[in-house]
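Chemist: Sequence and predicted structure below; questions after.
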Amino acid sequence: MMRTRMGTRRGSGLRPVLAAALLASAAAAPSLLAYGHYSRSGKPVVWADAMAIVNLHPFSFEVGSDAELATMYALLEWNLVTGGSFEFFIFDPPLDTDPLDNQDGVSTVAFLVPEAFPAGVFAATVLSTQGNEIIEADTSFSSGVPWTLDIPDPIPPYENIDFIGVAGHEFGHTLGLLHEDRRIVARMNTTYSQQAAWIVHADDRLGLRTLYPGQGKEVELYGHAWIKETDGTEPAIPSPSPAPGGLKGGDRFRARATVENLGNDASGAFSIAYVLSADDAPSPDDALLGGQAGISAPGGAAGTVQPELTVPAGARPGEYYLILIVDSEDAIAEPDEEENFAVFADRIRILAGGPSGRFRRGDSNADGGLDLADAIRTLNHIFAGGRAPGCPDAADWDDDGDLTIGDPIGLLSYLFASAPPSPPPGPLACGADPTADGLGACIDPHCP
């Protein structure tokens, strides 16, 4: 029998740091990412029958308590990975076992006094193995840590520690995963980064599916404003502010983010978009900054995006949320369509000044030409709740200061029925809107 201890450490400024696993291992990199797992004699070390029964110690987890429910949620996240077969179960009723006995055949989860941990460690998992089989995994958490079950601090220094994220990391060790130290944001990153580890990421899921393959296929796109810039134990960090000094209308900039396919099936082509928003959730009235089309992601893949963005001319001065929208044209069917946006930690400050808006009337999608796609873009906004055109005045074909069904009809009549052109600046030349209205100014990248 071999036992391995893994610990979760707290670094300077309360930053959690996860200690390296001690069991000899071989990193596996099946086609896409780089999760690591335990191995012996070239074969994975796993649970027989793809299951583990854990005991939530009754002195630590009162039945129905928030702590018990949070722990069960952290376990359940691993159970729900499509394409994997591993399952956690819990003893019901719980057993009064000794949390420090790592050879009693019971995988116990418990809170212990801080003195039970080495200096700086606040969570640990001990595995017991026979050959290539895990037979016990005991996980303990320090009772002296400021745990929270609410939204954790987004960036260091951390005044509270996200219990569900740390527990999910430790249970990843329980099922046989090691730390991930490539340039990949993962729950199994050696250095724990709070909100970056809220979910079981694509790399974590790929590891579970490889160790415990199962049934089912899905595409699940996910975006977040975290990046990991180096190989090694450095933590994932919030995406750097693209403009700490502020931006004016017409300014161009880039904002780096991460897009993942949490599923195990390849996506088709999809688009991303960045918007400026008055609040921390996207809405059809947000100002479009730009994006990127034609992205595709194999199952379990992750990568960074950083398209060039443009602040609309006439954007009102103030502070705005910068939001990334993944699959912005709703091209991909997913089990959860609510996870397709990410809010950057740093807000964007828009300064007064900048150029006045110039556009071609009718060019709703600001691609430099007029065609059927412009009418579809306006119709999608009016009737399907799609994003507002980046230049609303360009979509206002009849220049009445409002976007109605008459605007795409007027454009289609001009394109296909020889109807008269739109009011100034017209569909052929760039110019400013001569009519004051409430649609707001805009900028067309094809009309400098």
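Modeler: Perfect, I can see it now. Numbers count the residues shown, from 1 in each chain.
Chemist: just checking, Leu69 is part of a helix?
Modeler: Yes. Looking at Leu69 with DSSP: H, G, I helix; E, B strand; the rest coil, it is inside a helix.
Chemist: Roughly how far does it sit from Glu87?
Modeler: For Leu69, the distance to Glu87 equals 18 Å [Cβ to Cβ, to the nearest Å]. For glycine as for every other residue, the C-beta is placed from the backbone atoms N, C-alpha and C.
Chemist: Arg377 too?
Modeler: Arg377 is 46 Å from Glu87, by Cβ to Cβ.
Chemist: And the strands in the stretch 301-448 of the chain, which stretches?
Modeler: 302-305, 308-310, 318-326, 341-343, 348-350 (DSSP state E, counting those that start in this stretch).
Chemist: closest to Leu289 out of those?
Modeler: Nearest of the strands of the stretch 301-448 of the chain to Leu289, taken as Cβ to Cβ: strand 308-310 at 4.0 Å.
Chemist: Run me through the strand neighbours of the closest one, direction for each.
Modeler: strand 252-254 (antiparallel) (DSSP bridges).
Chemist: Leu69 and Glu87: who's more crowded?
Modeler: The residue with more neighbours, out of Leu69 and Glu87, is Glu87; 19 against 13, by other Cβ atoms under 10 Å.
Chemist: Could you verify my assumption that the more buried one touches Ile53?
Modeler: No. Counting by Cβ atoms under 8 Å, Glu87 stays clear of Ile53, with 9.5 Å between them.
Chemist: burial of Pro427, as a residue count?
Modeler: Around Pro427 there are 18 residues (other Cβ under 10 Å).
Chemist: what's across from the residue sitting nearest the centre point of the chain in the sheet?
Modeler: With the centre of the chain defined as its mean C-alpha position, the nearest residue by Cα atoms, centre = their mean is His224, 3.2 Å away. In this entry, His224 is beta-bridged to Thr258, by DSSP bridges.
Chemist: Now Ala67: closest residue in space, sequence neighbours ignored.
Modeler: Leaving aside its sequence neighbours, Ala67 sits nearest to Phe61 (Cβ to Cβ, 6 or more residues apart in numbering; 5.4 Å).
Chemist: what's near enough to touch that neighbour?
Modeler: Phe61 makes contact with 67-68, 71, 94, 109, according to Cβ atoms under 8 Å, 6 or more residues apart in numbering.
Chemist: which of those lies closest to Ser143?
Modeler: Ala67 (10.7 Å).
Chemist: isn't that closest one right up against Pro58?
Modeler: No. If you go by Cβ under 8 Å, Ala67 and Pro58 don't touch, sitting 11.7 Å apart.
Chemist: Which neighbours do these two have in common?
Modeler: Joint contacts of Ala67 and Pro58 (Cβ under 8 Å, 6+ apart) do not exist.
Chemist: rewinding a little: show me the two of the contacts of Phe61 that sit farthest apart.
Modeler: Greatest spatial distance among these (Cβ to Cβ): Ala67 and Pro94, at 12.5 Å.
Chemist: Neighbour count: those two, which is higher?
Modeler: Pro94 (20 against 17).
Chemist: What is the three-state secondary structure of the more buried one?
Modeler: coil.
Chemist: So what does the closest residue to it other than its chain neighbours look like in phi/psi?
Modeler: Spatially, and ignoring its direct neighbours in sequence, Pro94 is nearest to Pro58 (4.6 Å; Cβ to Cβ, 6+ apart). Dihedral angles of Pro58 (phi, psi; degrees, to the nearest 10) stand at phi -60, psi -30.
Chemist: and Pro58, how many residues sit next to it?
Modeler: 16.
Chemist: what sits against it?
Modeler: 93-96.
Chemist: and what of Gly168?
Modeler: 74, 77-78, 187, 197, 200.
Chemist: so where does it fall, helix or strand?
Modeler: Remark: Gly168 resides in helix 163-175, with elements defined by DSSP states H and E.
Chemist: which residues touch Asp402?
Modeler: 396, 437, 439.
Chemist: on that earlier part again, quick check on the contacts of Pro58: which are buried?
Modeler: Pro94 (16 or more other Cβ atoms under 10 Å).
Chemist: ok, the contacts of Pro58 vs Ala287, which is closest?
Modeler: Nearest member of the contacts of Pro58 to Ala287, counting by Cβ to Cβ, is Pro94, at 53.0 Å.
Chemist: Next, the contact list for that closest one, please.
Modeler: Pro94 neighbours (Cβ under 8 Å, 6+ apart): 55-58, 61, 63.
Chemist: next one: Phe270
Modeler: With Cβ under 8 Å, 6+ apart, Phe270 has these contacts: 221, 295-296, 326-329, 331-332.
Chemist: could you measure Pro408 against Phe416, distance?
Modeler: Taking Cβ to Cβ, one finds Pro408 at 12 Å from Phe416.
Chemist: burial count for Ala50?
Modeler: Residues near Ala50, counting by other Cβ under 10 Å: 16.
Chemist: now swap in the one 4 residues further on and tell me
Modeler: Close neighbours of Val54, defined as other Cβ under 10 Å, add up to 22.
Chemist: what's the closest non-adjacent residue to it?
Modeler: Ser107 (4.7 Å).
Chemist: can you check Arg387 too?
Modeler: Pro284 (5.8 Å).
Chemist: Where does pLDDT dip in the stretch 151-300 of the chain?
Modeler: 153-157 (pLDDT under 70).
Chemist: same deal with the stretch 301-448 of the chain?
Modeler: 353-357, 440-445, 448.
Chemist: just so I have it, where are all the helices in the stretch 51-200 of the chain?
Modeler: For the stretch 51-200 of the chain, the helices defined by DSSP state H, counting those that start in this stretch cover 66-79, 163-175.
Chemist: Indicate which one of the ones you listed is closest to Glu260.
Modeler: helix 66-79 (15.1 Å).
Chemist: Using PDB, write down the CA coordinates of that closest one.
Modeler: Only the C-alpha atoms of helix 66-79 are listed here, as PDB (Å, rounded to 0.1, in the frame of the first residue of the first chain):
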ATOM      1  CA  ASP A  66     -24.600  24.900   4.200                       C
ATOM      2  CA  ALA A  67     -21.200  23.200   4.600                       C
ATOM      3  CA  GLU A  68     -22.700  19.800   3.700                       C
ATOM      4  CA  LEU A  69     -24.600  21.200   0.700                       C
ATOM      5  CA  ALA A  70     -21.500  23.000  -0.600                       C
ATOM      6  CA  THR A  71     -19.400  19.800  -0.300                       C
ATOM      7  CA  MET A  72     -22.000  17.800  -2.100                       C
ATOM      8  CA  TYR A  73     -22.100  20.400  -4.800                       C
ATOM      9  CA  ALA A  74     -18.300  20.200  -5.200                       C
ATOM     10  CA  LEU A  75     -18.600  16.400  -5.600                       C
ATOM     11  CA  LEU A  76     -21.600  16.600  -7.900                       C
ATOM     12  CA  GLU A  77     -19.700  18.800 -10.400                       C
ATOM     13  CA  TRP A  78     -17.400  15.900 -11.200                       C
ATOM     14  CA  ASN A  79     -20.300  13.500 -11.500                       C
END
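Chemist: Understood, closing this out.
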